[in-house]
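A.B. asks: model the structure of this input:
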Amino acid sequence: MWNDAMDNLEQLISQLDGRRLPQHVAVIMDGNGRWAKQRNLPRSQGHAEGVNTVREITRVASDIGIRYLTLYTFSTENWNRPKDEVDTLMNLIAMALERETPELIANNCSLQMIGDEDSLPEFARMKLRQCVEATAGGTGMKLILAISYSARWEITAALRKLAAEVATGNLAAADITEEHIARRLTTARYPDPDLLIRTGGELRISNFLLWQIAYAELYFTPLYWPDFTKADFVKAIIDYQQRQRRYGKTGDQIIADDAHTPQSSTL
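C.D. replies: Numbers count the residues shown, from 1 in each chain. Purely as a prediction, here's the structure:
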């Protein structure tokens with residue numbers, strides 16, 4: 001069974017076009033609780049299995065050449081869940097950060113975070129900072145954890161910054177552009193996602209990167225996050241590569257543009 005799975009993964013990877021990889025993939029990791037409920041297990045077990053999936057998807061994303069991987073780890077709305085579940089999630093995040101730091105370093109990956117860091121318990125905030133600092137030298141894939149994050153929180157904070165600059169006379173309201181807003185988001189250092197994957201069968205965005213995914217391709221799968229494999233991730237990339245991204249242009253215009261774009265090497 002394991003060899004069959006590996007053969008299938010290798011076959012899928014061989015189908016990828018290295019010239020058309022998404023630079024940035026964002027993932028809504030949904031279905032941990034329902035995965036556990038199906039098996040008559042506590043929700044905490046589903047979250048623990050979800051952490052294992054994070055490790056596997058991080059590995060394959062790095063291996064195939066994804067430059068940025070953003071994982072919706074904990075939303076601001078998740079603070080409203082039962083306290084014991086929130087405590088479990090915070091402990092899992094802290095333990096996973098400590099456990100995975102050596103592998104991130106070995107794979108030349110750097111860990112970064114977007115979200116309201118100040119809202120995290122001190123032990124989780126400390127582990128997060130330690131991992132960020134330890135992996136800062138990584139020049140490969142950037143693994144970005146969205147923790148205590150929501151898009152409306154982020155956009156509201158950005159607009160407050162702009163409003164303060166207008167109030168002090170450093171910026172005229174009439175001069176505000178999309179770029180002014182984008183530079184004040186927590187994702188200002190990163191390109192917008194090319195592909196957004198959501199597991200768990202739900203067909204919604206759930207307040208995740210609403211500004212940044214304006215032109216992202218969306219991929220929904222009924223698989224719960226703990227069941228989402230490396231092969232499933234590669235299948236999502238293959239599906240992405242079969243689409244034509246037009247950004248408001250016609251298909252013929254995109255074909256003409258592609259014909260004049262220098263081609264890089266494949267995988």
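
A.B. asks: and the residue nearest to the spatial centre of the chain, which of the three is it?
C.D. replies: Centroid-nearest residue in the chain, with C-alpha atoms, centre = their mean: residue 70, separated by 1.9 Å. Recorded secondary structure, residue 70: strand (DSSP: H, G, I helix; E, B strand; the rest coil).

A.B. asks: report the contact partners of it.
C.D. replies: Counting by C-beta atoms under 8 Å, 6 or more residues apart in numbering, residue 70 touches 24, 25, 26, 27, 114, 144, 145, 146, 187, 190, 193, 209. Where you see a C-beta, it was placed from the backbone N, CA and C, and this is true even at glycine.

A.B. asks: how near is the third one to residue 159?
C.D. replies: Residue 26 sits 22 Å away from residue 159 when distances are taken as C-beta to C-beta, to the nearest Å.

A.B. asks: how far away from the center of its chain is stretch 229-239?
C.D. replies: 15 Å (C-alpha atoms, centre = their mean, to the nearest Å).

A.B. asks: what's the answer for stretch 42-58, then?
C.D. replies: How far stretch 42-58 lies from its chain's middle: 15 Å, per C-alpha atoms, centre = their mean.

A.B. asks: any buried residues in it, and which?
C.D. replies: 43-51, 53-54, 57-58 (16 or more other C-beta atoms under 10 Å).

A.B. asks: repeat that for stretch 103-115.
C.D. replies: Buried, per 16+ other C-beta under 10 Å, within stretch 103-115: 104, 105, 107, 109, 110, 111, 112, 113, 114, 115.

A.B. asks: show me what counts as buried in the longest helix seen in the chain.
C.D. replies: In the chain, taking DSSP state H as the definition, the longest helix is helix 83-106. Residues of helix 83-106 classed as buried: 88-94, 96-97, 100-101, 104-105 (neighbour count, 16+ other C-beta under 10 Å).

A.B. asks: any chance you could map the helices in this protein?
C.D. replies: Under DSSP H, the chain gives helices at 2-14, 32-38, 43-64, 83-106, 122-134, 151-167, 178-182, 230-241, 251-259.

A.B. asks: surely residue 139 touches residue 108?
C.D. replies: Yes. When contacts are counted by C-beta atoms under 8 Å, residue 139 is listed as touching residue 108 (5.9 Å).

A.B. asks: show me the shaky parts of the stretch 151-267 of the chain.
C.D. replies: 246-267 (pLDDT under 70).

A.B. asks: and the stretch 1-150 of the chain, by the same measure?
C.D. replies: The low-confidence ranges in the stretch 1-150 of the chain, as defined by pLDDT under 70, are 1-7.

A.B. asks: one step back: between residue 26 and residue 159, which one's more packed in?
C.D. replies: residue 26 (26 against 13; other C-beta atoms under 10 Å).

A.B. asks: okay, and the beta partners of that one?
C.D. replies: Beta bridges link residue 26 to residue 70, residue 196, judged by DSSP bridges.

A.B. asks: that one and residue 114: what is the separation?
C.D. replies: On the measure of C-beta to C-beta, residue 26 and residue 114 end up 11 Å apart.

A.B. asks: and residue 99, how far is that from residue 128?
C.D. replies: For residue 99, the distance to residue 128 - C-beta to C-beta - is 13 Å.

A.B. asks: got it, and residue 215?
C.D. replies: 30 Å.

A.B. asks: those two: who's more crowded?
C.D. replies: residue 128 (21 against 12).

A.B. asks: shouldn't the more buried one be in contact with residue 144?
C.D. replies: No. The criterion here is C-beta under 8 Å, and residue 128 misses it with residue 144 at 12.0 Å.

A.B. asks: please identify the buried residues of stretch 147-154?
C.D. replies: So for stretch 147-154, counting by 16+ other C-beta under 10 Å, buried means 147, 148, 149, 150, 151, 153, 154.

A.B. asks: now do stretch 23-30
C.D. replies: Applying 16+ other C-beta under 10 Å to stretch 23-30 flags 24, 25, 26, 27, 28, 29, 30 as buried.

A.B. asks: repeat that for stretch 187-201.
C.D. replies: 187, 190, 192, 193, 194, 195, 196, 197, 198, 199, 200.
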